[in-house]
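Chemist: sequence? don't have it. structure:
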């Protein structure tokens, strides 16, 4: 059974930083791309960042390039999202997801429950 558990969300002021973590289990973590998506109230879920199985390839939404960094530790079955220079518009529920293949451009087939990130002064 695939299980993805996110942590690290919270309330932060504009310009601040947060680091999200996602602990994965129930599949061979090192063989799958992983990603972070987000969904703000009234908006569709969007891809924030993706990373290939061995970290060779990463992809980012234009809105977060230069501010967010996705990384993974295959020895810990964990994927991270470092978020710097946070903006009010980054407020959303952030979801960890498992790729169907090693490629972060392919589909994602399992999702975590999400963690709330709120950027507000």
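Modeler: Right, received. Where do you want to start? All figures in this text were calculated on a predicted structure; none of them were measured in a lab.
Chemist: how much space between residue 90 and residue 31?
Modeler: Note on residue 90: its distance to residue 31, by Cβ to Cβ, to the nearest Å, is 30 Å. C-beta coordinates here come from the backbone N, C-alpha and C atoms, glycine included.
Chemist: neighbour count: those two, which is higher?
Modeler: Using other Cβ atoms under 10 Å as the criterion, residue 90 and residue 31 rank with residue 90 on top: 22 against 12.
Chemist: quickly list what the residue nearest to the more buried one when sequence neighbours are not counted is bridged to.
Modeler: Spatial nearest neighbour of residue 90, chain neighbours left out: residue 119 (5.2 Å); criterion: Cβ to Cβ, 6 or more residues apart in numbering. Beta bridges link residue 119 to residue 12 when assigned by DSSP bridges.
Chemist: any idea how far residue 119 lies from residue 85?
Modeler: 10 Å.
Chemist: now the strands for the protein?
Modeler: 3-7, 10-12, 18-25, 34-39, 46-51, 58-60, 68-73, 78-83, 92-99, 108-111, 115-119 (DSSP state E).
Chemist: tell me which other helices or strands the last one touches.
Modeler: For strand 115-119, the contact count by 3 or more Cβ pairs under 8 Å, 6 or more residues apart in numbering; DSSP states H and E identifies strand 10-12, strand 18-25, strand 92-99 as packing neighbours.
Chemist: for residue 121, see how far away the residue nearest the centre of the chain is.
Modeler: With distances taken as Cα atoms, centre = their mean, the residue of the chain nearest its centroid is residue 36 (2.3 Å). Distance, residue 36 to residue 121, using Cβ to Cβ: 24 Å.
Chemist: for the one helix or strand in the chain whose mean pLDDT sits lowest, what is the distance to the chain centroid?
Modeler: Using mean pLDDT, DSSP states H and E, the weakest-scoring helix or strand in the chain turns out to be strand 108-111, at a mean of 94. Strand 108-111 sits 12 Å away from the centroid of its parent chain (Cα atoms, centre = their mean, to the nearest Å).
Chemist: so which bits of that strand are buried?
Modeler: 108, 110, 111 (16 or more other Cβ atoms under 10 Å).
Chemist: circling back to that earlier point, any idea what the residue nearest to the centre of the chain is bridged to?
Modeler: Applying DSSP bridges, one finds that residue 36 bridges with residue 49, residue 96.
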